[in-house]
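1. 3D model of this:
(one chain, ligands or ions: 1)
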Amino acid sequence: MPGDNEMIPTARPVIGEDEIEAAVRVLRSGLVVQGPEVAAFEEEFSRLVDGRHCVAVNSGTSALHLTLLALGIGPGDEVIVPSFTFAASANAVRLVGADVVFVDIEPDSFCLDPAAVEAAITPRTAAIMPVHLYGHPAAMDRIMDIAGRNGLAVVEDACQAHAAALNGTPVGAIGTAGTFSFYPTKNMHALEGGMISTADAQVARTLRLLRNQGMEQRYANEIVGANVRMTDVAAAIGRVQLAKLDTWTEQRRANAAYLDGQITGAVVPPVADGARHVYHQYTVRVRGDRDAAMRALTAAGVGSAVYYPTPVHRLKPYWEPDQKAGRSWDLPETERAAAEVVSLPVHPSLTQEDLARVAAAVNALGGDQ
Ligand SMILES: *Cc1c(COP(=O)(O)O)cnc(C)c1O
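-> Model (predicted):
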């Protein structure tokens, strides 16, 4: 069978003719730095977050970093973050000089456990950073309630969750601010890039200053800022991808529904009531020997990956200072997830044959799942 020996990849970033034409159009114009394309991208993206203000930057990490700066979070403050996430979530907190407080996840959604969030609040807590991991929205209704009662900011890390929603409200339109990534493997990309959404006009203005040396008017710097601008080339590509996001998201959801119906050899990802999962990753739990399971998938031509094998609290820049300070975190669900999860191909470029091969390979893993 043709293509039978090719590995089905876990991600396939799209750089098609439309993206190339958009980039070339901007390059030919000669106006390539942040300009009209970025403004148009922000305007168009705001429709995805209920019309909130949108500020484009050069990465999802910059989006998180600048958001914390704009909210005035810094030394002496604590931010509650899951340890079961990409390091960028916690890195942003440490980059502004604040302390990371790691909290466990709910086993079903893989997102922050609201009860554990509430238990972790101290007089120094300034913000909660729920991560909509794999494209599944965190329990934002309960997290917003906790934040409201305690006067805390909520920074949604929606870097994996473009167009996800809870009870009809899109992620990035629930918390104080939301952050998105346009890294090539995300649900949409701009080569590299990020976006911040917020309902607060003052926060949006501060973000615009922070991304551009603190200037609105050239050489009339108002505050200390950085240069984390998005280029017009990246924004033009982002606009093309944004126009396709709906179709791609529906394809991801249809692919996931198919896998849900076919897979019996592993625990398929549960979806919370009222949640719209956008399947940045389709992540199953494999009980038993995960390495052996992944080798078997590889042998069957099915790509797989572990996000994330090491919880952030066990990474050196977090683990070592905690050890020195005699501090430890009790995160049993995080540790269990890190040992059990495997992400399978779910991206919109998969064919029906690919999906059937993924399901068959998982179901062939053996009876101990
Ligand atoms: C990708 C990602 C980021 C960082 O985005 P970049 O654009 O790569 O900087 C942050 N948080 C999570 C959960 C991510 O998946």
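
2. residues contacting the residue of the chain found nearest the ligand?
-> Nearest residue of the chain to the ligand (Cβ to the nearest ligand atom) works out as G60 at 2.4 Å. The C-beta positions use only the backbone N, C-alpha and C, and glycine is treated the same way. Residues in contact with G60 (Cβ atoms under 8 Å, 6 or more residues apart in numbering) are 88, 157, 159, 179-183, 186, 194.

3. look up phi and psi at it.
-> phi -70, psi -30 (degrees, to the nearest 10).

4. ditto for A266
-> phi -160, psi 170.

5. what's the nearest residue to it if we skip its chain neighbours?
-> Excluding the flanking residues, the one nearest A266 by Cβ to Cβ, 6 or more residues apart in numbering is V284, at 3.9 Å.

6. am I right that that neighbour is in a helix?
-> No: V284 is assigned strand when assessed by DSSP: H, G, I helix; E, B strand; the rest coil, not a helix.

7. now it: how far from A220?
-> 54 Å (Cβ to Cβ, to the nearest Å).

8. more neighbours: which of those two?
-> V284 (22 against 8; other Cβ atoms under 10 Å).

9. quick one: contacts for that one?
-> Contacts for V284 (Cβ under 8 Å, 6+ apart) come out as 263, 266-269, 341-344, 362.

10. again, only this time at 7 Å
-> By Cβ atoms under 7 Å, 6 or more residues apart in numbering, the residues touching V284 are 263, 266-269, 342, 344, 362.

11. the ligand contacts on the stretch 51-200 of the chain?
-> Residues of the stretch 51-200 of the chain lying near the ligand by Cβ under 6 Å from any ligand atom: 59-61, 85-86, 88-89, 131, 157, 159-160, 181, 183, 194.

12. dump these into a markdown table; add pLDDT as well.
-> Below are these laid out as a markdown table (pLDDT from 0 to 100):
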| residue | pLDDT |
| --- | --- |
| S59 | 98 |
| G60 | 98 |
| T61 | 98 |
| T85 | 98 |
| F86 | 98 |
| A88 | 98 |
| S89 | 98 |
| V131 | 99 |
| D157 | 99 |
| C159 | 98 |
| Q160 | 98 |
| S181 | 98 |
| Y183 | 98 |
| G194 | 98 |
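
13. which parts of the stretch 51-200 of the chain are helices?
-> Using DSSP state H, counting those that start in this stretch, the helices found in the stretch 51-200 of the chain span residues 60-70, 88-95, 114-120, 140-150.

14. point out the most buried one among the ones you listed.
-> helix 60-70 (a mean of 27; mean count of other Cβ atoms under 10 Å).

15. that helix vs helix 88-95, what angle?
-> Orientation check (axes from the mean of the first three to the mean of the last three Cα atoms, to 10 degrees): helix 60-70 against helix 88-95 gives 40 degrees.

16. can you redo the contacts of G60 as CSV with distance to Q251?
-> Shown next, in CSV, are the contacts of G60 (distance: Cβ to Cβ, whole Å):
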residue, distance to Q251
A88, 26
D157, 24
C159, 20
T179, 24
F180, 19
S181, 20
F182, 19
Y183, 19
K186, 15
G194, 24
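
17. what is the nearest of these to G274?
-> G274 has its nearest neighbour among these in D157, at 19.8 Å by Cβ to Cβ.

18. how about the contacts made by that closest one?
-> Contacts of D157 by Cβ under 7 Å, 6+ apart are 64, 89, 129-132, 179.
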